[in-house]
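K.L.:
sharing a sequence plus its predicted fold:
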Amino acid sequence: MIVHPQLQNFANNIAQQQAALSDMRGTMLSWKNSTIGKIQRQYILKAGESSTAQNCINNLKPLFGDLSWLYAMMGKLCDLQSTNPFANIELRSSKNDKHSTVILHQERKFSIQLCIAKSRSTHLKSTYHSFIFGPDSMMIAPIGNTQIVTVQLDANDNICNHTILSCHDGELYIYNNNRQSINFIAQANNIIFLRAIIKTGVFDDSSENISHHYLQFNGDNQPHKQLANETLSRAQLIFSILRHQQIKKAIPLFAEWVRNETPDMRWYVMREFLALDIEAALPHLLSMADYDENRSVRKAALDTLQILKTQYPEFCVALQA
């Protein structure tokens, strides 16, 4: 779990940062030692010890059958946020125009995520035309009633068999993402759902199957193939540690990685860069707001820049001069 301080304070006040971290650890320790926390953790541990992907899925099913642990966990985090407004808690989240994802548990063999499918009419077309196929097995369950559109890949990796299904609160869908993909149809309201990603490659001892790829379809275009790996998530953890320990000698490393080819990685490093040293990061943020090739990254950088102009006008004026 990563704790980011609020924007208006994240350049200084190390003592408050440490206090926020301490409060967070204490709160989550209390949660883990509660009755519901212990029950939930038992399922997590069993899944982590599974010898096959199917056993892992079976061990995680109870977490989808009774979501009381999820509401209890969110309650603890909300309590912490309200009592310590300095703490801006993020359980490593990723955001884009279509989805927001909060990772609740990150394990070697699986991850459990709380996701939001955003409701925008402009996304309706992409709901039916944009899909990602990957090497993992997926478990998803909506919180509330909604609809999903499912598609299959044929033998030539072409999309076929569009199907629209109604799914009910807590109803669990399990599928192999290698040949099937699912999108939530969010028209009037956001859709919240719980998702588990089972990293099937971890259970595969065959050396020729170590490298896996995603196929991403956007509209009627040909699929874009990209390698699926966990190297970036490990790199993100390193940057969080460097920021937390205030290692300013690492500033050149931050400056290099904010140009990484992966949009999510660029923005993750930029957030940590700003938390480490606003003055050093600001020129890179300006460049990102103007020139980043990814629209979501540009927007996030521009929004952050507007906040910084209010909170730290001396930096922004000096840079523009």
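P.N.:
Cool, the structure landed.

K.L.:
CA only for contacts and neighbour counts going forward, please
P.N.:
Noted.

K.L.:
what does stretch 158-175 rub up against?
P.N.:
Contacts to stretch 158-175, defined as C-alpha atoms under 8 Å, 6 or more residues apart in numbering, come from residues 64-65, 137-154.

K.L.:
report the buried members of the residues you listed.
P.N.:
64, 137-143, 146-153 (16 or more other C-alpha atoms under 10 Å).

K.L.:
filter the residues you listed down to just the ones in strands.
P.N.:
137-143, 146-153 (DSSP state E).

K.L.:
so which pair among those residues is furthest apart in space?
P.N.:
Greatest spacing in those, by C-alpha to C-alpha: Ile143 and Leu153 (27.4 Å).

K.L.:
circling back to that earlier point, which one of the ones in strands among the buried ones among the contacts of stretch 158-175 is nearest Arg41?
P.N.:
Of those, the one sitting nearest to Arg41 (C-alpha to C-alpha) turns out to be Met139, at 18.1 Å.

K.L.:
what about the nearest residue to the closest one once chain neighbours are set aside, distance to Ala196?
P.N.:
Sequence neighbours aside, Ile174 is the residue nearest to Met139 in space, at 4.5 Å (criterion: C-alpha to C-alpha, 6 or more residues apart in numbering). Distance, Ile174 to Ala196, by C-alpha to C-alpha, to the nearest Å: 9 Å.

K.L.:
overlap in contacts, these two.
P.N.:
Joint contacts of Ile174 and Ala196 (C-alpha under 8 Å, 6+ apart) are 138-140.

K.L.:
make a markdown table out of those residues and add pLDDT.
P.N.:
Below are these laid out as a markdown table (pLDDT from 0 to 100):
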| residue | pLDDT |
| --- | --- |
| Met138 | 94 |
| Met139 | 95 |
| Ile140 | 94 |
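
K.L.:
more neighbours: Ile174 and Ala196, which one.
P.N.:
Ala196 (26 against 14; other C-alpha atoms under 10 Å).

K.L.:
the more buried one should be in a helix, yeah?
P.N.:
No: read with DSSP: H, G, I helix; E, B strand; the rest coil, Ala196 is strand and lies in no helix.

K.L.:
give me every residue that touches it.
P.N.:
Shown in contact with Ala196 (C-alpha under 8 Å, 6+ apart): 110-113, 138-140.

K.L.:
related to what we said a few turns ago, what about the residue nearest to Met139, is that helix, strand or coil?
P.N.:
For Ile174, the assignment made with three-state DSSP gives strand.

K.L.:
residue ranges of the strands in the stretch 1-150 of the chain, please?
P.N.:
For the stretch 1-150 of the chain, the strands defined by DSSP state E, counting those that start in this stretch occupy 2-5, 87-90, 93-95, 99-106, 110-117, 131-133, 137-143, 146-153.

K.L.:
tell me the strands beside the last one, with direction?
P.N.:
Looking at strand 146-153 with DSSP bridges, its paired strands and their directions are strand 159-167 (antiparallel), strand 180-184 (antiparallel).

K.L.:
tell me how far it is from the chain's mean position?
P.N.:
22 Å (C-alpha atoms, centre = their mean, to the nearest Å).

K.L.:
which residue ranges of the protein form helices?
P.N.:
Applying DSSP state H to the chain gives helices spanning 14-33, 35-48, 53-65, 68-83, 124-129, 231-244, 251-257, 263-276, 278-291, 295-311, 313-320.

K.L.:
ok, Ala300 to Lys98 distance?
P.N.:
Ala300 is 14 Å from Lys98, where distance means C-alpha to C-alpha.

K.L.:
with Asp303 instead?
P.N.:
With the distance defined as C-alpha to C-alpha, Asp303 ends up 17 Å from Lys98.

K.L.:
the two - which one has more neighbours?
P.N.:
Taking other C-alpha under 10 Å, Asp303 and Lys98 do not tie; Lys98 has more neighbours (16 against 12).

K.L.:
where does the prediction get shaky in the stretch 51-200 of the chain?
P.N.:
Along the stretch 51-200 of the chain, segments meeting pLDDT under 70 span 81, 83-97, 120-129.

K.L.:
what residues are up against Met138?
P.N.:
Per C-alpha under 8 Å, 6+ apart, neighbours of Met138: 173-177, 195-198.
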